[in-house]
Structure formats: C-alpha cells, structure tokens
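> This is a predicted model, with the sequence first.
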Amino acid sequence: MADQAAVNDDLDSIVPVGPPYQTPKGVHDILPADHEYYTYIKKVIRHRLRQAGFRRISTPIFEFTDVFQRTLGETTDVVSKEMYTFQDRKGRSLTLRPEGTAGVVRSYIQNNMQALAQPVQLYYIEPFFRYDRPQKGRYRQFWQVGVEVIGESDPALDAQVIQLALIVLKDLGIDQLFSLQLNSIGTPESRKKYVAALQDYYFGKERHLCELCQGRLQTNPLRLLDCKEEDCVTLAKLAPSFSEYLDDESKEFHADLKEFLDELGIKYVENPKLVRGLDYYAKTVFEFWDTSAGAQNAIGGGGRYDGLVELMGGPSTPAVGFAMGIERIIANMKRAKVRVPHKDEVHVFVAQLGKEAKKKCLPLIMKMREHGIKTIGALGKGSMGAQLKIADKFGAPWTVIMGLTEVREGVAIIRNMSVGTQEKVKFEDVLEKLITLIGKKNLDTYHPGELLYG
Ligand code: HAM
C-alpha cells in the first residue's frame, strides 16, 4: 500500500516532457508534406478563378478593429468572443482579421473600385485568426480561400459563385462528400419581423434553452435555430419558419436562384434553419456540409451581403461571396485518400569525395538544376558511405558519385539507387545521360525569368 502511494507521488511529480518552445494552442506549423497540399490547392483555385475573370487581392493581416466590429455584428460569436484585438503603441485598437469579406469591402471603398467595371470580382488565399475553441478542423490560425463579387445584384451571380465553389471541390476530388445547404434570410426589414416572431415564440420557454441560447435570445435570436443542444434543436423544430416572413422581392430572388442552380445541374438542400454566423448577410445564404457529420463541419459558406458596402461608408452596392477553409479541405482530401503530386521529390543526389571532385561537381550541379533536374549535392565532408546513406534517405532515384579516381579518369559514376547498379559515364556526357534516364517530361523546367516581358 505504502509502495503504491510512493508510485502515485512519483507519477504526480512527472511533468510532461517536451521541447521548451512550442506553438500556442490552436496554431500549427505547416510542414513540407502538407505544403504539397497547400501548393496544389492554391494552383487549382488560381486556375479556376482566373478562368472566371477573378483577380487576386491581399488585405493586411490586421486592420482597425472598427472594420470588423459593427460589420460582422457586435453580438456574433466572432466579434464578441473570437477576435484577437490589441492596442498599438499609440493606443489605437487593431484586430487580426477573423475573416476576409469586411477587409475586401474596406479596400473596395478605399481604392475607389466603384469606378471599375462592375461587378468587381476578387479572390484571396490568406491566413485568418479566431480565438475559437481548438478541435479537429477548428484552429486559431487557419487559411481561407475566399471569393467576392461586388457591384451587381442578380441571382445568376449567386448561382455562379456557388458553382465555382463546387468546381474547385470537384477538382480537388471531394465534391461528393458535401451537400449544398441553401436558404434565404431576406432583407433586413423582413428579418426584423422574423426576429420579433422568434422572440415571441420563445417567450416563456427560456428555461428549456441552453445557457448560451438564453443569452442569444436577446442578442442574436437567429442563432437559436442552428444550436446543436438537444432541447434547443427540439424547440427550433417548432419555431416559426422564415419563409412565412420573407418579403416578395427576396422570394422572387430566391426562386430565380434555384432555377439557375437547376439549370446548372447543381443539387441543393433547402434548409430554412440555415442562418450563418455573421450579421452582414441578406437574401441568399449557403454552406457546404459534410454529409456524414452535420453542420459542425461546414467546409465553406457564404451568401449575399447587399448592405455591407453602404454600412462601411460606400454607396449602396450589392455583393455576394463565399469562403472555404483550406485545413478542412486538406483533411477531407486525406479522408478521401486523394493524393497530390509530389513536386518536391529530388531526381539526383550528387556525392563526392575530396576538393578536386567538389570543384568538378559544383558547376555540374548548377547545370543540372538549370536543365530541370532537381538536384541535391552533399557538399560537406562525410565519407562516401555516409553520403550514400543520405542519398537513400532523400529517396533520389539516381546518385552521381565522384572521387579522386573519377576526376583523374574524367568520368563520373551514375548509380541507380533502386536497383543498385552503376555505370561510368564521361564527365561531359553526364548531363545528357541523366536527362535521358529521368525522362524529359519529368524535368522541372520552369524558368520564371523567361516569362517576363516589357
Ligand atoms: P465563415 O463561415 O465564418 O465565413 O468561414 C468560412 C470557412 O472558413 C468555414 O466554412 C471553415 O471552413 C473555415 N473556418 C472558419 N473558422 C475556422 C477555424 N477556426 N478553423 C478552421 N477553419 C475555419 C466567412 O468567413 C465569410 N467571410 C465567408 C464569405 C465570403 N461570405 C461572403 N463572402
């Protein structure tokens, strides 16, 4: 018994071991293996958005807090709980951007984009910050791809941005995992009437609501509809439906949108409980839900925000857009076992012994790279055996070996790493020989400098 107590004492004194410096909770490194996903996803997005006439924008990582506060809604979770807000040295309140739309609208107004051909079509691929409760797919720094179409109001535009999101998901091999959830939350006037009806309905039922929803009843009653607590779900089922309060204009807009989606062959689920977590939406709202796990796992969402430009001091300007979370895209690509091309794999490892060999190898390595052969050279002082072990670790299919004898004979050895065979090749023929072995189509011959003009 006494022994057991001693063991417990010992266990209590064990401090979890780990390196002294670690990332804060909810943020993580993007390691090389995952960067291959990021690179590929960005490529797909850039390609598809370019095809549709979109241009890329990057707004600053931090903005004045006002840009987000009233625009996203003071009572939304994002503004009330999740913003990283701090004061600069002059006491001005700044916030790390929690989402992209408000910053893009600020930029649209500040840079007088109203003067451009409308609608202005912009996209971004950027990191965002929310003090969210970290869990799978929910981080404090995360990447979004976002699309904003500002300056025109037509349901065909809503249909088109939804279609773009689906094309990207299809290109990435995961469109089948998600269902499009669609709703209209009408104009602000119709929403006001609906909110009053909701408050009426919940009057006297407050004690059945979860604590969070009891508070939301005063501040943001629409959010009661998408609460996941069992009792709240039961009550929400019998709550009045938005469709009864929708104004005629929004009804017509929504009916037209559905017609366009049908025309494009896009399936959707009408979801009268879908409200989104940000206040700037009007009329169309949509999300892409993981069909196997429910709303917690939306991979993306968006909608129309016709009042935002005006709210931020610009002229009355309609707009629509969406954003998708890149970490969630990657998690789903992995789940669906979608692999991306490994562009980082090296073709050739160059191993050498002695200064004379090194002198020969350095220019050869440069020349190989210029010709698109991805090459790593062991330029340290390791033994040949140690260098070949490293070559193995890199997984390079070919190794070029040069020692003093080879320098004297004017040759190099080319070793096939998977089979273990090797041959001597005249030094001046090494480059051509390697190109043949690797295959011209596999070379990385992208020369950005050649693309410049002017
Ligand atoms: P949102 O629904 O707040 O919309 O975020 C869009 C997507 O970003 C989510 O569906 C999710 O994939 C990802 N996301 C959000 N929070 C996190 C997190 N903590 N960790 C990982 N991923 C996350 C917006 O942000 C709107 N600005 C979208 C929009 C653009 N509406 C109109 N235009």
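Nice, thanks for sending it over.

> got the end-to-end distance for stretch 213-229?
9 Å (C-alpha to C-alpha, to the nearest Å).

> now for the longest helix seen in the chain, which elements pack on it?
Counting by DSSP state H, the longest helix found in the chain is helix 32-51. Under the contact criterion of 3 or more C-beta pairs under 8 Å, 6 or more residues apart in numbering; DSSP states H and E, helix 32-51 touches strand 120-129, strand 141-150, helix 155-171, helix 326-335. C-beta here means a position set from N, CA and C on the backbone, and glycine is covered the same way.

> Let me see the ranges of the helices in the stretch 201-350 of the chain.
For the stretch 201-350 of the chain, applying DSSP state H, counting those that start in this stretch gives helices covering 211-219, 230-238, 248-263, 308-311, 326-335.

> nearest to residue 205, of the ones you listed?
helix 230-238 (6.1 Å; C-beta to C-beta).

> Can you dump the C-alpha atoms of stretch 181-200 in PDB for me?
Written as PDB, here are the backbone C-alpha positions of stretch 181-200 (Å, rounded to 0.1, in the frame of the first residue of the first chain):
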ATOM      1  CA  GLN A 181     -27.400  23.800 -47.900                       C
ATOM      2  CA  LEU A 182     -29.400  26.800 -49.100                       C
ATOM      3  CA  ASN A 183     -31.600  29.400 -47.600                       C
ATOM      4  CA  SER A 184     -32.700  33.000 -47.900                       C
ATOM      5  CA  ILE A 185     -32.700  35.300 -44.900                       C
ATOM      6  CA  GLY A 186     -34.400  38.100 -46.800                       C
ATOM      7  CA  THR A 187     -33.900  41.800 -46.400                       C
ATOM      8  CA  PRO A 188     -33.100  43.400 -43.100                       C
ATOM      9  CA  GLU A 189     -36.700  44.600 -42.800                       C
ATOM     10  CA  SER A 190     -38.200  41.100 -43.200                       C
ATOM     11  CA  ARG A 191     -35.500  39.700 -40.900                       C
ATOM     12  CA  LYS A 192     -36.600  42.200 -38.200                       C
ATOM     13  CA  LYS A 193     -40.200  41.000 -38.400                       C
ATOM     14  CA  TYR A 194     -39.000  37.400 -38.200                       C
ATOM     15  CA  VAL A 195     -36.700  38.000 -35.200                       C
ATOM     16  CA  ALA A 196     -39.700  39.500 -33.400                       C
ATOM     17  CA  ALA A 197     -41.800  36.500 -34.200                       C
ATOM     18  CA  LEU A 198     -39.000  34.200 -32.900                       C
ATOM     19  CA  GLN A 199     -38.700  36.100 -29.700                       C
ATOM     20  CA  ASP A 200     -42.500  35.800 -29.300                       C
END
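
> about what we covered before: tell me the average confidence for the longest helix of the chain?
For helix 32-51, mean pLDDT is 95.

> then it to CSV, C-alphas only?
Output of helix 32-51 as CSV, limited to C-alpha atoms (Å, rounded to 0.1, in the frame of the first residue of the first chain):
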residue,chain,number,x,y,z
PRO,A,32,6.7,20.2,-46.1
ALA,A,33,4.3,17.2,-46.6
ASP,A,34,1.3,19.4,-46.0
HIS,A,35,2.7,22.3,-48.1
GLU,A,36,2.3,20.0,-51.1
TYR,A,37,-1.5,20.1,-50.5
TYR,A,38,-1.5,23.9,-50.0
THR,A,39,0.5,24.4,-53.2
TYR,A,40,-1.8,22.1,-55.2
ILE,A,41,-5.0,23.6,-53.8
LYS,A,42,-3.8,27.2,-54.5
LYS,A,43,-2.9,26.1,-58.0
VAL,A,44,-6.4,24.7,-58.6
ILE,A,45,-8.1,27.8,-57.1
ARG,A,46,-5.9,30.3,-59.1
HIS,A,47,-6.6,28.4,-62.3
ARG,A,48,-10.4,28.2,-61.8
LEU,A,49,-10.8,31.8,-60.7
ARG,A,50,-8.6,33.1,-63.5
GLN,A,51,-10.8,31.3,-65.9
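
> Mind listing what's buried along that helix?
34, 36-38, 40-41, 44-45, 48-49 (16 or more other C-beta atoms under 10 Å).

> can you redo these as TSV with distance to residue 351?
What follows is these, written out as TSV (distance: C-beta to C-beta, whole Å):
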residue	distance to residue 351
34	30
36	26
37	31
38	32
40	31
41	36
44	37
45	40
48	43
49	44
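
> got the residues of the stretch 301-450 of the chain near the ligand?
Neighbours of the ligand within the stretch 301-450 of the chain, by C-beta under 6 Å from any ligand atom: 301-303, 305, 321-325, 327-328.

> Greatest separation within the buried residues of helix 32-51: which pair is it?
Of all the pairs that those form, the one spanning the most space (C-beta to C-beta) is 34 and 49, at 22.1 Å.

> Quick check: the residue of the stretch 101-250 of the chain nearest the ligand.
Closest to the ligand within the stretch 101-250 of the chain is residue 142: 3.4 Å, counting by C-beta to the nearest ligand atom.

> pLDDT at that residue, what is it?
98.

> Could you look up the SS state of the spatially closest residue to residue 270 that is not a sequence neighbour?
By the measure of C-beta to C-beta, 6 or more residues apart in numbering, the closest residue to residue 270 outside its immediate chain neighbours is residue 182, 6.0 Å from it. Under DSSP: H, G, I helix; E, B strand; the rest coil, residue 182 falls in the strand class.

> does residue 182 really touch residue 271, like I thought?
Yes. Between residue 182 and residue 271 there is a contact under C-beta atoms under 8 Å: 6.4 Å.

> Compare neighbour counts for those two and give me the winner.
residue 182 (23 against 19; other C-beta atoms under 10 Å).
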